[in-house]
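Enquirer: here is the input, now give the coordinates:
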Amino acid sequence: MNPPKAGAVVWFTGLSGSGKSTLAKRLCARLRRSGRAAELLDGDVLRARAPKTGFTKAARDRHVRRTGRLAAALERRGIVAVAALISPYAAARRYVRGLCRNFMEIHVATTLSVCRRRDPKGLYARAARGELARLTGVDDPYQAPRSPELRIDGARLSEAKAAAAVIKLVTRRLLPHGPSRKA
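Expert: The predicted structure follows:
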């Protein structure tokens with residue numbers, strides 16, 4: 001009988017429109033094709049299931065911590081939890097890291113100007129018209145990770161090259177002899 005596979009938490013963070021969800025979906029699909037149990041935790045999907053989740057600092061922190069507790073629970077069951085959330089505040093991300101045994105923070109560091117040009121949800125346009133307040137990177141802060149396991153330049157790397165870098169990191173960390181944060 002094969003030993004159970006270790007879980008992990010892969011946490012994508014970055015501005016809206018940076019490419020977090022795209023890369024997270026590609027990683028999940030790749031893990032599943034290779035026989036790994038993987039669960040996508042997309043910030044927008046989770047917010048839709050908890051519609052009263054707000055956008056104040058306290059509400060954002062609760063959302064990140066709640067998602068982090070779910071990700072850590074999945075990890076303990078041998079599942080790779082792939083989370084894609086803006087998660088703008090460093091303290092909330094540190095909290096999640098502390099819950100996990102094998103945590104990989106991936107900063108999708110796409111510039112604000114590129115995110116504004118992409119604007120897949122129309123958020124930056126709404127903020128520019130004064131219809132949306134507290135947009136991360138515009139009138140609400142984003143605290144970029146200082147030492148993520150991987151930083152992806154979402155403006156310079158193609159989606160394929162960015163996904164390849166993510167898959168390389170995650171594959172290396174999922175090997176039985178890979179590093180672990182906690183015993």
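Enquirer: where does the closest residue to E149 other than its chain neighbours fall, phi/psi-wise?
Expert: Distance criterion C-beta to C-beta, 6 or more residues apart in numbering; nearest residue to E149, sequence neighbours excluded, is M104 at 4.5 Å. (Glycine included, C-beta is placed from N, CA and C.) Backbone geometry at M104, expressed as degrees, to the nearest 10, gives phi -120, psi 110.
Enquirer: is it true that M104 touches T13?
Expert: No - assessed by C-beta atoms under 8 Å, M104 is found out of contact with T13, at 11.1 Å.
Enquirer: those two: who's more crowded?
Expert: Applying other C-beta atoms under 10 Å to M104 and T13 shows that T13 carries more neighbours, namely 29 against 24.
Enquirer: who's the more buried one bridged to?
Expert: H107 (DSSP bridges).
Enquirer: and it, how far from R30?
Expert: 20 Å (C-beta to C-beta, to the nearest Å).
Enquirer: ok, the closest residue to L46 other than its chain neighbours to E159 distance?
Expert: The shortest distance from L46 to any non-neighbouring residue, by C-beta to C-beta, 6+ apart, is to T67 (5.9 Å). To E159, T67 is 24 Å away according to C-beta to C-beta.
Enquirer: the more surrounded of these two?
Expert: T67 (25 against 12).
Enquirer: hang on, the more buried one in a helix?
Expert: Yes - looking at T67 with DSSP: H, G, I helix; E, B strand; the rest coil, it is inside a helix.
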